[in-house]
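# Generate coordinates for the sequence data below:
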Amino acid sequence: MVQNLPIDAAAPLHVVVLAAGRGTRMRSARPKVLQPLAGRALLAHVLDTAAQLDAQRRIVVVGHGAEQVRDAFSDAAVHFCLQQPQLGTGHAVQQAAAAFDDDAVVLVLYGDVPLVRAATLQPLLDAARSGALGLLSVELADPGGYGRIVRDAAGQVQRIVEHKDADRAELAIREVNTGILAAPGALLRRWVAALRDDNAQHEFYLTDVVALARADGVAVHASVAAHADEALGVNDRSQLAALERIVQRRHADALLAAGVTLADPARFDLRGELRCGQDVFIDVGCVFEGVVELGDGVVVGPHSVLRDCSVGAGGRIDAFSHIDGARCGAQARIGPFARLRPGSELADDVHIGNFTEVKNSSVGRGSKANHLSYVGDATVGERVNIGAGTITCNYDGANKHRTVIEDDVFIGSDTQLVAPVRVGAGATLGAGTTLTRDAPAQQLTVSRARQQSLAGWKRPRKGDQQGD
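I've put the predicted structure just below:
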């Protein structure tokens, strides 16, 4: 008989993540734990939770698509164990047993159950540190198909009864097992070694450790999660989509609590980290990826996509704009239908208008490109006006070249600047100019064919006799 023996409060935490399943119902060549949720793999969410708990070791049990999983997390501090073949959850922990220490607290999580919070898991760790077995349970309005947590009159866990084995009274129980547990490493190693596969599936079930713990006289404490959605798993695309909306609602609620205005929290997607100042407004259908910073008073118009970028105080991003890897200064005006690509640096009070694209360029304070223009590999000074239809011809088919436009330049519509080329301060380029040489400062430069009118010319008409 094993007694409840508390372990050292400073004992390390080792987290075992079961991630060997095929995920057949996903109908994907990608392993289930690599399916994206809020822009990141399911497994990444679980590993983040382990990190929040200050886990000293993270052990991932892989099987189907093992190499893909290893490659996806090659830069993470993760120890991988191979489960081959896959013979159940207990068998998976058996494969990990050599990687966790007897004197550690061991927490078992699932790579396809990404929503559980670190705070929800803390009571399990506390139970394990007291020498007990800690389980995570949830209460469901419809517990059909789940194993029931059976407690005695004192509220202590007696056993887990599978749905198919439950009697009428047990079927009425709404508290169900999630499979997430924590235990002292030495005990968990002993229990998983004793598991048997004498069941219809001939698999080793991790839930059987509850009976083994009871037989050893070890207390079993089940902690009920405050939110049932924390224990939701992913088996198919429909469930993945449902979890996506739960995650996005969490993000939306956190932003609302921080003072951000969302036009509709149900039509908001964050796939990374969003840092906002005061009085930020975000309209419907916007997507934020990577790390995005929005200063005080920023307004983001509907259906815009912002990725790894920043917008200074008072900036406005109008509808259907894409900002990727760019930095926008205070009071910037972007869009609608504008695109800022990586390497773009916009100073304060810059205007980039509809159907204008900026790539790997710096644009000085107060400059404007309001219509139908392409500014690529350029250095644009202050107070520059770039007319509609202007393009910097930066690519010669093999190499990129830079265009320099100095302060106070006025560029007329439909102008092409063939890089490398420089436009001097205060210069004016006439509409329709194709600039192939430097334009001097403070002068008008024009290059266009002389206009002609041909008297007597007639437009061809259908049916006119054509020569052979």
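# quick check: domain ranges of the protein?
Residue ranges for the domains of the chain, per automatic domain parsing: 13-231, 254-445.
# Least reliable of the ones you listed by average pLDDT, please.
Ranked by mean pLDDT, the domains of the chain bottom out at domain 13-231, which scores a mean of 94.
# roughly how far out does that one sit from the chain middle?
24 Å (C-alpha atoms, centre = their mean, to the nearest Å).
# and the end-to-end length of that domain?
One end of domain 13-231 sits 21 Å from the other (C-alpha to C-alpha, to the nearest Å).
# Just the buried positions in stretch 23-41, please.
23, 26, 31-35, 37-41 (16 or more other C-beta atoms under 10 Å). Any C-beta I mention is one placed from the backbone N, CA and C, and that applies to glycine too.
# got the end-to-end distance for it?
14 Å.
# who's in contact with it?
Residues outside stretch 23-41 that contact it (C-beta atoms under 8 Å, 6 or more residues apart in numbering): 19, 21-22, 42-43, 45, 64-65, 68-69, 72, 111-112, 114, 234-237, 240, 243-244, 247-248, 251, 269-272, 289.
# Narrow the residues you listed to those in helices?
The helices, defined by DSSP state H, take in 42-43, 45, 68-69, 72, 237, 240, 243-244, 247-248, 251 from the contacts of stretch 23-41.
# okay, among these, which ones form the most distant pair?
Gln68 and His251 (27.2 Å; C-beta to C-beta).
# And the helices in the protein, which stretches?
Using DSSP H, helices in the chain cover 42-52, 66-72, 89-96, 118-129, 168-171, 185-193, 209-215, 237-257.
# nearest to Arg437, of these?
Nearest of the helices of the chain (C-beta to C-beta): helix 66-72, 50.8 Å.
# Against which helices or strands is the closest one packed?
Counting by 3 or more C-beta pairs under 8 Å, 6 or more residues apart in numbering; DSSP states H and E, the packing neighbours recorded for helix 66-72 are strand 57-62, strand 79-82.
# Deepest-packed of those, please.
strand 57-62 (a mean of 25; mean count of other C-beta atoms under 10 Å).
# can you list the residues that contact it?
12-20, 43, 47, 50-51, 69-70, 73, 76-83, 92-93, 95-96, 99-100, 104, 111.
# ok, 7 Å please
12, 14-20, 47, 50, 69-70, 77-83, 92, 95-96, 99-100 (C-beta atoms under 7 Å, 6 or more residues apart in numbering).
# do stretch 184-200 as well
Counting by C-beta under 7 Å, 6+ apart, 2, 7, 14, 87, 90, 93-94, 97, 100-106, 128, 131, 203-204, 208-209, 212-213, 218 sit against stretch 184-200.
# could I get the ones in helices among the contacts of stretch 23-41 as CSV with distance to Arg437 and neighbour count?
Compiled in CSV, the ones in helices among the contacts of stretch 23-41 are given as follows (distance: C-beta to C-beta, whole Å; neighbours: other C-beta atoms under 10 Å):
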residue, distance to Arg437, neighbour count
Leu42, 57, 27
Leu43, 57, 28
His45, 56, 19
Gln68, 54, 15
Val69, 57, 26
Ala72, 51, 17
Arg237, 58, 13
Leu240, 57, 19
Leu243, 59, 23
Glu244, 55, 17
Val247, 56, 20
Gln248, 53, 19
His251, 53, 20
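# Name the nearest of those residues relative to His303.
Gln248 (15.6 Å).
# Val287 versus the closest one, what's the distance?
Distance, Gln248 to Val287, using C-beta to C-beta, to the nearest Å: 10 Å.
# what sits in contact with each of those two?
Counting by C-beta under 7 Å, 6+ apart, the residues touching both Gln248 and Val287 are Asp269.
# just to revisit the earlier point, buried deepest among the helices of the chain, which one?
helix 89-96 (a mean of 24).
# Using PDB, write out every CA atom in that helix.
C-alpha atoms of helix 89-96 as PDB (Å, rounded to 0.1, in the frame of the first residue of the first chain):
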ATOM      1  CA  THR A  89      -3.300   7.000 -24.100                       C
ATOM      2  CA  GLY A  90      -1.800   4.900 -21.400                       C
ATOM      3  CA  HIS A  91       0.600   3.400 -23.900                       C
ATOM      4  CA  ALA A  92       1.600   6.900 -25.000                       C
ATOM      5  CA  VAL A  93       2.500   7.900 -21.400                       C
ATOM      6  CA  GLN A  94       4.500   4.700 -21.100                       C
ATOM      7  CA  GLN A  95       6.700   5.900 -24.000                       C
ATOM      8  CA  ALA A  96       7.200   9.200 -22.200                       C
END
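# What are the boundaries of the strands in the stretch 151-300 of the chain?
157-161, 175-184, 220-224, 261-262, 268-276, 281-282, 286-294, 299-300 (DSSP state E, counting those that start in this stretch).
# right, so of the ones you listed, which gets closest to Cys328?
Among these, strand 286-294 sits nearest to Cys328 (C-beta to C-beta), with 9.9 Å.
# by how many degrees do the closest one and helix 237-257 diverge?
40 degrees (axes from the mean of the first three to the mean of the last three C-alpha atoms, to 10 degrees).
# Strand 286-294 pairs with which strands, and in what direction?
strand 268-276 (parallel), strand 305-311 (parallel) (DSSP bridges).
# Can you give the contact residues for the longest one?
Contacts made with strand 268-276 from outside it, assessed by C-beta under 7 Å, 6+ apart, are listed as 38-39, 248, 251-252, 255, 258, 260, 262, 282, 286-294.
# now do the last one
Strand 305-311 has contacts (C-beta under 7 Å, 6+ apart) with 287-295, 298, 300, 317, 322-328, 332.
# One more pass at 8 Å, please.
So strand 305-311 is contacted by 272, 286-295, 298, 300, 317, 321-328, 332, 334, 340, 342 (C-beta under 8 Å, 6+ apart).
# Can you flag the buried ones in those residues?
272, 286-289, 292-295, 298, 300, 317, 321-324, 326-328, 332, 334, 340.
# thinking again about what came up before, got TSV for the ones in helices among the contacts of stretch 23-41, with distance to Pro420 too?
Below are the ones in helices among the contacts of stretch 23-41 laid out as TSV (distance: C-beta to C-beta, whole Å):
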residue	distance to Pro420
Leu42	48
Leu43	48
His45	47
Gln68	44
Val69	47
Ala72	42
Arg237	50
Leu240	50
Leu243	51
Glu244	47
Val247	48
Gln248	46
His251	45
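# Enumerate every residue touching the closest residue to Val60 other than its chain neighbours.
The shortest distance from Val60 to any non-neighbouring residue, by C-beta to C-beta, 6 or more residues apart in numbering, is to Val17 (4.8 Å). Going by C-beta under 8 Å, 6+ apart, Val17 touches 43, 46-47, 50, 58-61, 108-111.
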